[in-house]
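K.L.:
Requesting a structural model of the entry that follows:
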Amino acid sequence: MIAGLVAFCCTRAILGAVIQSANDSRAESARQPAPVVPMSDGPAVSSPAATTPAVPPTSAALPSPSAAAQLKMPNLVGENAQVAYETLTDMGFTKVTFGSQDDDDKVVLSPPNWTVTKQSAKAGAMVRTDKTIVLTCTKEG
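P.N.:
Now for the predicted structure:
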């Protein structure tokens, strides 16, 4: 019994040393110096950002929130959900989603089987084409 306990303790100590050694080598590799990037007119400079291009975005490169077109929202209540979806995407709306008002069917899986009962943007309102439009639907009736 004592021999088994000694063997267990020795094995545990050896495995602990092996695991610690592996962790130490990982930590050492993580502390490697940053890559050296040669400059065109001067000495080499160590830079942590040398592996990823750091180009700050300019205001000219990013579209402004008002850059999206605005379109007049049609009245889609009573329409087949698939037809309503195609109407909006054909107009240029890019974020059209469905919601269900039914207790038994919580997810709109096949829009042709659903009817629009509400829309998140009022009919006649001017709406940006990148705004999310939610079409609430029912499968009943």
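
K.L.:
Contacts only, for Glu132.
P.N.:
Check again: residue 132 is Thr, not Glu. Lys95, Val96, Thr97, Ser120 (Cβ atoms under 8 Å, 6 or more residues apart in numbering). Every C-beta, even on glycine, is put in place using the N, C-alpha and C of the backbone.

K.L.:
What of Thr136?
P.N.:
With contact set as Cβ under 8 Å, 6+ apart, Thr136 has these partners: Phe98, Gly99, Ser100, Gln101, Val116, Thr117, Lys118, Gln119, Ser120.

K.L.:
want to try CSV for these, with pLDDT as columns?
P.N.:
Converted to CSV, the contacts of Thr136 look like this (pLDDT from 0 to 100):
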residue, pLDDT
Phe98, 97
Gly99, 96
Ser100, 96
Gln101, 95
Val116, 97
Thr117, 97
Lys118, 97
Gln119, 97
Ser120, 97
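
K.L.:
still on that earlier bit, wait, which of the contacts of Thr132 is closest to Thr87?
P.N.:
Val96 (9.4 Å; Cβ to Cβ).

K.L.:
Please settle this for me: is that closest one part of a helix?
P.N.:
No - using DSSP: H, G, I helix; E, B strand; the rest coil, the secondary structure at Val96 is strand, not a helix.

K.L.:
So it is in contact with Asp130, correct?
P.N.:
No - between Val96 and Asp130 there is no contact under Cβ atoms under 8 Å: 11.2 Å.

K.L.:
Show the subsequent helix or strand relative to the least confident helix or strand in the chain by mean pLDDT.
P.N.:
Sorting the helices and strands of the chain by mean pLDDT, DSSP states H and E puts strand 45-46 at the bottom, at a mean of 46. Next helix or strand after strand 45-46 toward the C-terminus (DSSP states H and E): strand 70-72.

K.L.:
how about the following helix or strand past that next one: buried residues?
P.N.:
Next along the chain after strand 70-72, taking DSSP H and E as the criterion, comes helix 81-91. Buried positions in helix 81-91, judged by neighbour count with 16 or more other Cβ atoms under 10 Å: Ala81, Gln82, Ala84, Tyr85, Leu88.
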